[in-house]
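Trainee: how would this look folded up:
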Amino acid sequence: MKIPKHPPDFMTALTELNASVNPLRGLEVVKSEVAKANHPHYYHWDKLVHLKPPEGFTHTEWWVALKIGRKRLSKPIPLIDETGRPFQFLIPDPIPEALHRIDLSAGGKIGVPDQVVNPATRDEYYVSSLIEEAITSSQLEGASTTRAVAQAMIRTARRPRDRSEQMIFNNFRAMQKIAALKNEPLTKELMLELHEILMHEAIDKPDAVGRFRLPDEKVVVGDDSGQVFHVPPRAEQLEARIALMCDFANGHTPGYFIHPVIRAIILHFWFAYDHPFFDGNGRTARALFYWSMLHSGYWLCEFISISHIIRKAPVQYDRAFLYTETDENDLTYFIVYHIEVLQRALQALDAYIEEKSGKLANVERQLKSTVLLNHRQRALIAHALRHPHFLYSTAGHKLSHGVAYQTARTDLIDLQERSLLDVVMSGRTWYFRPAADLAERLAQLS
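Mentor: Numbers count the residues shown, from 1 in each chain. Below is the predicted model:
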């Protein structure tokens, strides 16, 4: 990936406009409608230079006008670069509308699919999302294990067999830990604990696990060809910088309201920018984004995977960081990108649930028409499809359908012999529970 073109220096460009043939040109640009407009596209110079400027403007004049409008609305945060210059952001349209939709979908209950609030099916979607995030977050950092192998490893609790599998297993455990710690404030100790989980037996330098990088550990962000994209702050500054980061993450700073989603996104950037660990910074940064969202009450984020979206176009992820760093520490580029990722992750969850619901509805239609099962068995299996952890007994089946004990027992044993139900003992009673892959087995039966 190429480093984006650096924009013209704002003050230099404005000075040159004032010193041009028309001494009033700088004032004209400052007062223009272009400088006042809240543009729907938040262009970086790297993109803008290839577009047609507004009528009567050069590219440099267009850029100066846009920057004037942005500077009027920008707010600083406590994150600073090596020169002491603060990072800042603004909320251009259509971000407010996007934040409103995220508030309703990820933090509220209205309109949320029953599958993710129903205790009988919630775990299926929860575990699936944890596995997906663990796999794709690790793949972004170089893990090469296939999705099928990784899913089987986690679901069967098999020990990881290589570095890639270990990375994925560690990510899965870290996501579980975040869910458990979502009500806790962010601290240095929590960060170190997460790092220990994420890097367990998955780092070339084992003594670097669970601690910040040392002054003699030179860490940069670059590619395989040796191109350097980012040099993080010096290790000697990390303790103070992490303290500022925790204050920000816990809502103590700055002295004005920042929307919780924006705060979570900035925390993601901040941690990646400071790069406090010898290795594992990207995974930890994404994990802390989840912590921040859950900490702020966006409970549905337990069911989505941002890394799944990021992995589809990783260059855009990297470019969002670089756009911010190359344009006067303007975090808006990363915020705009990340909100799009979050919206797409929520849409992917909706699509996944709709697909699963469609398959279930199709199986239920097939169930109604099958002649292999009687009406009592069809009613029980229809209930089992919606309640995969329910336990059925002969006595309960007898009572539900008003039949003799032997008839009820025959119904259940027949379903077990068809591999639709499994038999388990609880106390002194035998129960029948739905097969783990009931829908697939029923489709084969039909």
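Trainee: can you pull the contacts of W430?
Mentor: S393, T394, V423, V424 (C-beta atoms under 8 Å, 6 or more residues apart in numbering). Heads up, the C-betas are built off the backbone N, CA and C, glycines and all.
Trainee: mind listing what the last one touches?
Mentor: V424 makes contacts with L391, W430, Y431, F432, R433, as judged by C-beta under 8 Å, 6+ apart.
Trainee: Which of those fall within strands?
Mentor: The strands, defined by DSSP state E, take in W430, Y431, F432, R433 from these.
Trainee: so which of those residues comes closest to I309?
Mentor: Nearest to I309 among the ones in strands among the contacts of V424 is R433, at 35.5 Å by C-beta to C-beta.
Trainee: Would you quantify the distance from the residue nearest to R241 when sequence neighbours are not counted to P78?
Mentor: Excluding its sequence neighbours, the residue lying closest to R241 (C-beta to C-beta, 6 or more residues apart in numbering) is D274, at 5.3 Å. According to C-beta to C-beta, to the nearest Å, D274 stands 12 Å off from P78.
Trainee: How about Y392?
Mentor: Distance check for Y392 against P78: by C-beta to C-beta, it reads 58 Å.
Trainee: Comparing the two, which residue is more hemmed in?
Mentor: Under the criterion of other C-beta atoms under 10 Å, the comparison of Y392 against P78 puts Y392 first, with 21 against 15.
Trainee: Look at that one and report its pLDDT.
Mentor: Y392 carries a pLDDT value of 92.
Trainee: Might one say that it is in contact with Y431?
Mentor: Yes. Between Y392 and Y431 there is a contact at 6.4 Å, judged by C-beta atoms under 8 Å.
Trainee: on that earlier part again, what subset of the ones in strands among the contacts of V424 is buried?
Mentor: Buried members of those, scored by 16 or more other C-beta atoms under 10 Å, are Y431, F432, R433.
Trainee: quick check, nearest of those to P260?
Mentor: Nearest member of these to P260, counting by C-beta to C-beta, is R433, at 40.3 Å.
Trainee: Might you report the residue contacts of that closest one?
Mentor: Going by C-beta under 8 Å, 6+ apart, R433 touches H389, F390, L391, Y392, L421, D422, V424.
Trainee: By neighbour count, which of these wins?
Mentor: Highest neighbour count within the contacts of R433: L421, with 25 neighbours (other C-beta under 10 Å).
Trainee: ok, now which ones touch it?
Mentor: Residues in contact with L421, defined by C-beta under 8 Å, 6+ apart, are A384, Y392, L412, L415, F432, R433, P434, A435.
Trainee: what's the answer for H383, then?
Mentor: By C-beta under 8 Å, 6+ apart, the residues touching H383 are F390.
Trainee: And it, which helix or strand is it part of?
Mentor: helix 375-386 (DSSP states H and E).
Trainee: for that helix, which positions count as buried?
Mentor: Within helix 375-386, the residues that count as buried by 16+ other C-beta under 10 Å are R376, Q377, R378, L380, I381, A384, L385.
Trainee: Least confident of the contacts of L421?
Mentor: Ranked by pLDDT, these bottom out at A384 (88).
Trainee: Strands of this structure, residue ranges please.
Mentor: 75-80, 86-89, 221-222, 228-230, 421-426, 429-434.
Trainee: ok, and which of those has the densest surroundings?
Mentor: The highest mean neighbour count among the strands of the chain, using mean count of other C-beta atoms under 10 Å, belongs to strand 86-89: a mean of 20.
Trainee: In this structure E61 contacts K67, no?
Mentor: No. Using C-beta under 8 Å, E61 is not in contact with K67, being 10.8 Å away.
Trainee: on that earlier part again, as a markdown table, the buried ones among the ones in strands among the contacts of V424 with distance to Q151 would be great.
Mentor: Shown next, in a markdown table, are those (distance: C-beta to C-beta, whole Å):
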| residue | distance to Q151 |
| --- | --- |
| Y431 | 28 |
| F432 | 27 |
| R433 | 22 |
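Trainee: which of those residues lies closest to A148?
Mentor: Nearest to A148 among those: R433, at 25.7 Å, using C-beta to C-beta.
Trainee: A443 is in contact with L420, correct?
Mentor: No. Counting by C-beta under 8 Å, L420 does not reach A443; the two are 11.2 Å apart.
Trainee: Which residue would you name as the spatial centre of this protein?
Mentor: I306 (2.7 Å; C-alpha atoms, centre = their mean).
Trainee: Please report how far that residue lies from L294.
Mentor: I306 is 13 Å from L294, by C-beta to C-beta.
Trainee: Kindly state the pLDDT recorded for the closest residue to F303 other than its chain neighbours?
Mentor: In space, and not counting its chain neighbours, F303 is closest to S129: 4.6 Å by C-beta to C-beta, 6+ apart. In this model, S129 is scored at 90, pLDDT.
Trainee: now swap in F10 and tell me
Mentor: Model confidence at F10, given as pLDDT, is 90.
Trainee: per-residue confidence at the residue nearest to it when sequence neighbours are not counted?
Mentor: Leaving aside its chain neighbours, F10 sits nearest to K67 (5.1 Å; criterion: C-beta to C-beta, 6+ apart). Looking at K67, its pLDDT reads 92.
Trainee: repeat for the one 5 residues further on
Mentor: We note a pLDDT of 90 for R72 in this prediction.
Trainee: give me the number of residues near it?
Mentor: The local packing of R72 (other C-beta under 10 Å) involves 10 other residues.
Trainee: Which residues are in contact with it?
Mentor: No contacts exist for R72 under C-beta under 8 Å, 6+ apart.
Trainee: begin at 187 from here
Mentor: Understood, numbering begins at 187; the last thing we discussed is R258.
Trainee: Kindly provide the distance from it to L252.
Mentor: In this view, R258 and L252 are 11 Å apart by C-beta to C-beta.
Trainee: got the buried residues for the longest helix belonging to the chain?
Mentor: Longest helix of the chain, by residue count under DSSP state H: helix 518-555. Buried residues in helix 518-555, counted by 16+ other C-beta under 10 Å: 518-525, 527-532, 534-535, 538-539, 542, 546, 549-550, 553.
Trainee: domain ranges for this structure?
Mentor: Domain ranges of the chain: 196-259, 263-540, 557-631, per automatic domain parsing.
Trainee: how far does the last one stretch from start to finish?
Mentor: Taking C-alpha to C-alpha, to the nearest Å as the measure, domain 557-631 stretches 11 Å from start to finish.
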